[in-house]
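Asks: heads up, no residue letters with this:
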């Protein structure tokens, strides 16, 4: 796998994540507080010492933002699968991995489409998104706006009523909604860029750290959670100051944007720090206990047993266990983070497989600990 570490942020991604944070602020704060509580960290002290720039940026952007909150909620509210967050949102279904020049080209493309061409593109993009949540066989009946609306009403019990309504509204006037979304981006960029200067020093330091991390260990992402591409693929690695606590890997397939396919990785600038806070406090015995705790969950244990037979993707696992894909994603995150499961991309699908070396090492260490 080849990689390129970018020298600056992806403007549209960071703006999207800013709007996502504003649209889901209460849930985002609650989720992060739970993370800090879990590690017995003083929430106020950590935020004051480590997130000063982020909090200052959010506060300033809120004051200068000109986009009405109802429009931010429409395009950027989390699309929930049941009661679980997916970290996805309406805008992200259509506009992924775009730079500014490509965004302008997309605008011209949308304006040039006939109504039928636009509808066909939208149906394809929405169906691709739904494949992450539903069995692909159940989506075969979707071939028109009417059949998609029927599916949303009758079959999509896992989607919130809010997102079903928003998709319905968008489909009824899709051209104007997509152009409105692009206008939101265009109208917000100057305010965003001027406010984002708060991060300039942190960003410069972090890009140097990123280069150092991947120079020291080119397989860092593979070592961390088993992610790898084939040798002919290139991963673009961007610093992310807004999505600070995560690593987000995106791929744009046949979207309405019609841009060249590419893999992008957005590396949160506090991700390694938060991981180190967790790992640094744990000895061998505690790490073993973490794995035991994960395996004590019946669903996670059943998933691991299934994966010993071979790699599977999330939808397959969900169907076998009669769980939602969001629930499976939650379980897989735990299994991947403790090293018991690896993930790999094949034909643009994420496949999970048992990390047999780590499992054998875990069993050996557990035996030594208890004998």
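Replies: The structure has been received and is ready for your questions. Every value quoted in this text rests on a predicted model; they were computed, and no experiment measured them.
Asks: distance of residue 167 relative to residue 200?
Replies: Distance of residue 167 to residue 200, given as Cβ to Cβ, to the nearest Å: 38 Å. For every residue, glycine as well, the C-beta is placed using N, CA and C.
Asks: which other residues reach the longest helix along the chain?
Replies: As assigned by DSSP state H, the longest helix anywhere in the chain is helix 174-196. Helix 174-196 has contacts (Cβ atoms under 8 Å, 6 or more residues apart in numbering) with 9, 11-12, 14-15, 18-19, 57, 60-61, 64-67, 71-72, 75, 91, 94-95, 100, 103, 106-107, 110-111, 113, 115, 118-119, 122, 169-170, 241, 256.
Asks: which of the residues you listed are buried?
Replies: In the contacts of helix 174-196, burial by neighbour count holds for 9, 11-12, 14-15, 18-19, 57, 60-61, 65, 67, 72, 75, 91, 94-95, 103, 106-107, 110, 113, 118-119, 122, 170, 241, 256, counting by 16 or more other Cβ atoms under 10 Å.
Asks: among those residues, which are located in strands?
Replies: Using DSSP state E, no member of the buried ones among the contacts of helix 174-196 falls within strands.
Asks: mean confidence score for stretch 314-332?
Replies: Mean pLDDT, stretch 314-332: 75.
Asks: re the thing from before, buried sites along the longest helix of the chain?
Replies: Going by neighbour count (16+ other Cβ under 10 Å), the buried part of helix 174-196 is 174, 177-178, 181-182, 184-185, 188, 191-192, 195-196.
Asks: out of those residues, which is nearest to residue 3?
Replies: residue 196 (24.2 Å; Cβ to Cβ).
Asks: all strands for this structure, in order.
Replies: Assigned by DSSP E, the chain shows strands spanning 2-5, 234-240, 247-251, 263-268, 312-313, 341-346, 349-354.
Asks: and the contacts of the longest one?
Replies: Just to be clear, that refers to strand 234-240. Here strand 234-240 makes contact (Cβ under 8 Å, 6+ apart) with 1-6, 8-10, 13-14, 17, 203, 206-207, 210, 214, 221, 229, 246, 248-249, 262-269.
Asks: OK, contacts around the residue lying closest to residue 302 once chain neighbours are set aside?
Replies: Excluding the flanking residues, the one nearest residue 302 by Cβ to Cβ, 6 or more residues apart in numbering is residue 321, at 6.2 Å. Neighbouring residues of residue 321 by Cβ under 8 Å, 6+ apart: 299, 302-303, 328.
Asks: which one in the residues you listed is the model shakiest on?
Replies: Minimum pLDDT across the contacts of residue 321 is recorded for residue 328, with 76.
Asks: gap between that one and residue 183?
Replies: 37 Å.
Asks: what does residue 299 give?
Replies: Distance from residue 299 to residue 183, by Cβ to Cβ: 44 Å.
Asks: how about residue 361?
Replies: Separation of residue 361 from residue 183 (Cβ to Cβ): 54 Å.
Asks: which one of the strands of the chain lies closest to residue 127?
Replies: strand 349-354 (14.9 Å).
Asks: list the contacts of the closest one.
Replies: Strand 349-354 is contacted from outside by 226, 303-304, 307-308, 310-314, 317, 332, 335-336, 340-345, using Cβ under 8 Å, 6+ apart.
Asks: cool, stretch 109-121 as well?
Replies: Stretch 109-121 has contacts (Cβ under 8 Å, 6+ apart) with 144-145, 174-175, 178-179, 182, 256-258.
Asks: swap in 6 Å and give it another go.
Replies: 145, 174-175, 178, 256 (Cβ atoms under 6 Å, 6 or more residues apart in numbering).
Asks: same check, this time on stretch 258-266
Replies: Contacts of stretch 258-266 with the rest of the structure, by Cβ under 6 Å, 6+ apart, involve 13, 97, 102, 235-238, 240, 243, 248-251.
Asks: buried subset of those residues?
Replies: The neighbour count (16+ other Cβ under 10 Å) marks 13, 97, 102, 235-238, 240, 243, 248-249, 251 as buried among the contacts of stretch 258-266.
Asks: which parts of the chain belong to which domain?
Replies: For the chain, automatic domain parsing gives the domain ranges 2-217+231-274, 282-370.
Asks: worst average pLDDT in these?
Replies: domain 282-370 (a mean of 80).
Asks: once you drop chain neighbours, what's closest to residue 60?
Replies: residue 195 (5.1 Å).
Asks: with residue 188 as the reference, measure out to the one you found.
Replies: For residue 195, the distance to residue 188 - Cβ to Cβ - is 10 Å.
Asks: next one: residue 205
Replies: For residue 205, the distance to residue 188 - Cβ to Cβ - is 26 Å.
Asks: then residue 152?
Replies: In this structure, residue 152 and residue 188 are 29 Å apart, going by Cβ to Cβ.
Asks: swap in residue 96?
Replies: Applying Cβ to Cβ to residue 96 and residue 188 gives a distance of 18 Å.
Asks: got the contact list for the residue positioned nearest the centre of the chain?
Replies: Central residue of the chain (Cα atoms, centre = their mean): residue 248, 4.9 Å from the mean position. The contact partners of residue 248, by Cβ under 6 Å, 6+ apart, come to residue 266.
Asks: now do the buried residues in stretch 117-136.
Replies: 118-123, 125-127, 129-130, 132-134.
Asks: restricted to helices, list those.
Replies: 118-123, 125-127, 129-130.
Asks: nothing else from me, thank you.
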